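In: Could you look at this predicted model? Sequence included:
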Amino acid sequence: MKKVVFQPKVRYKLHPGYLAWILHRATGILLGVYLFLHIWVIHHLSQGEEAFNEVMAVVQSPFFHLMEIGLLATVVYHGLNGLRVVFIDYGNLAKRDIMRKVVYAVLAVSAVLVGAGAVPMLRLAFGL
Amino acid sequence: MLGKYFGSGRSGAFDWFFQRVSGIALLITLFLHFWVLHYATEGPVTYQKVMARMVSPAWKALDIAFLIFAVYHAMNGFKMIIDDYVHTPGVRAVLVGALWVVAIGFFGLGVLTIVTLKVQA
């Protein structure tokens, strides 16, 4: 009898579900790194008013307000796509054509939310 | 040898289920966090404004819960990535061990920040 060995698929096709997965992983890594930086920045709160206000002045500068738009995009996409992954089990979202539509919907809704959130952040960054 | 190729597909039901539970919890707490700090608080964020909220034990409890969900979700996510790409037992042990150290370290730093606040009435 021929021995059956599981062969991993080495060639990938860039379909919407695969793109969604790559983005989910990349945003997840970024958010994990951000979380640890955030905890470190906020720990200045226990070192008194002066230390905290000093570090908060740095992270609330125009440059950081611009970067904040990237953070918003990362969080919104990861959250919405995570919700999509959860609902795969409850809403028949694994079906090829439905999955495709839902991935595009996640990207579209993310774009709208990030666009709306970016307006006040841009105003802060440019002092308008 | 299947485990080598299935990666995080074999991490087990616990990792999978609690990644969902913490993920849903984070959607709720993170939205609240974002709303409170970007809309309910007039910027810029200062010590006085944050401490006005942190005198409340309810806010402290909520922030600790938030911290638990966030650190767990991040650590579990990193562990799944290690499961997917790192198959050598020795390297896995080093990476997963380092992950535990980092996660516990930052969780401790976060909890200490919240519980050691010098609250002026």
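Out: Happy to help now that I have it.
In: residue ranges for the helices of chain B, please.
Out: Applying DSSP state H to chain B gives helices spanning B:2-6, B:13-35, B:47-54, B:57-85, B:89-115.
In: among those, which gets the worst mean confidence?
Out: Lowest mean pLDDT within these: helix B:2-6, a mean of 57.
In: chain center to the host helix or strand of A:Leu19, what's the gap?
Out: A:Leu19 belongs to helix A:16-42 when assigned by DSSP states H and E. How far helix A:16-42 lies from its chain's middle: 6 Å, per CA atoms, centre = their mean, to the nearest Å.
In: Mean neighbour count and distance to chain A for the helices of chain B - can I get that in a markdown table?
Out: C-betas here are computed from N, CA, C, even on glycine. A markdown table is the format used below for the helices of chain B (neighbours: other CB atoms under 10 Å in any protein chain shown; distance: least, CB to the nearest CB, whole Å):
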| stretch | mean neighbour count | distance to chain A |
| --- | --- | --- |
| helix B:2-6 | 11 | 5 |
| helix B:13-35 | 15 | 5 |
| helix B:47-54 | 15 | 4 |
| helix B:57-85 | 18 | 4 |
| helix B:89-115 | 14 | 4 |
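In: Specify the local secondary structure of the residue nearest the centre of chain A.
Out: Geometric centre of chain A, nearest residue: A:Thr74, 2.5 Å, by CA atoms, centre = their mean. Put simply, A:Thr74 is helix when judged by DSSP: H, G, I helix; E, B strand; the rest coil.
In: Now do the contacts for it.
Out: By CB atoms under 8 Å, 6 or more residues apart in numbering or on different chains, the residues touching A:Thr74 are A:27, A:30-31, A:34.
In: Go ahead and build a PyMOL selection from the buried members of the residues you listed.
Out: Only the buried entries of those go into this PyMOL selection, using 16 or more other CB atoms under 10 Å in any protein chain shown:
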select buried, chain A and resi 27+31+34
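In: where do the helices sit along chain A?
Out: Going by DSSP H, chain A shows helices at A:16-42, A:49-59, A:62-87, A:96-126.
In: which outside residues touch the second one?
Out: When contacts are taken as CB under 8 Å, 6+ apart, the neighbours of helix A:49-59 outside the stretch itself are A:41, A:44-45, A:64, B:44-48, B:50.
In: any idea which of the contacts of A:Thr74 is the one closest to chain B?
Out: A:Leu31 (7.0 Å; CB to the nearest CB).
In: thinking again about what came up before, Throw the helices of chain B into CSV and include distance to A:Lys101, thanks.
Out: Formatted as CSV, these follow (distance: least, CB to CB, whole Å):
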stretch, distance to A:Lys101
helix B:2-6, 28
helix B:13-35, 22
helix B:47-54, 41
helix B:57-85, 26
helix B:89-115, 36
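In: what about B:His87, how many neighbours?
Out: B:His87 has 14 neighbouring residues, counting by other CB atoms under 10 Å in any protein chain shown.
In: Around chain B, pick out the residues from chain A.
Out: A:5-6, A:8, A:25, A:28-29, A:31-32, A:35-36, A:39-40, A:42-43, A:45-46, A:48-49, A:52-53, A:56-57, A:60, A:75, A:79, A:82-83, A:86, A:120, A:124 (CB under 8 Å from any CB of the partner chain).
In: List only buried entries from those.
Out: Looks like the residues of chain A next to chain B have A:28, A:31-32, A:35-36, A:39, A:42-43, A:45-46, A:52, A:56, A:75, A:79, A:82, A:86, A:124 buried, using 16+ other CB under 10 Å.
In: one step back: and the nearest residue in space to the residue nearest to the centre of chain A that is not next to it in sequence, how far is that from A:Glu68?
Out: The shortest distance from A:Thr74 to any non-neighbouring residue, by CB to CB, 6 or more residues apart in numbering or on different chains, is to A:Thr27 (4.6 Å). Distance, A:Thr27 to A:Glu68, by CB to CB, to the nearest Å: 15 Å.
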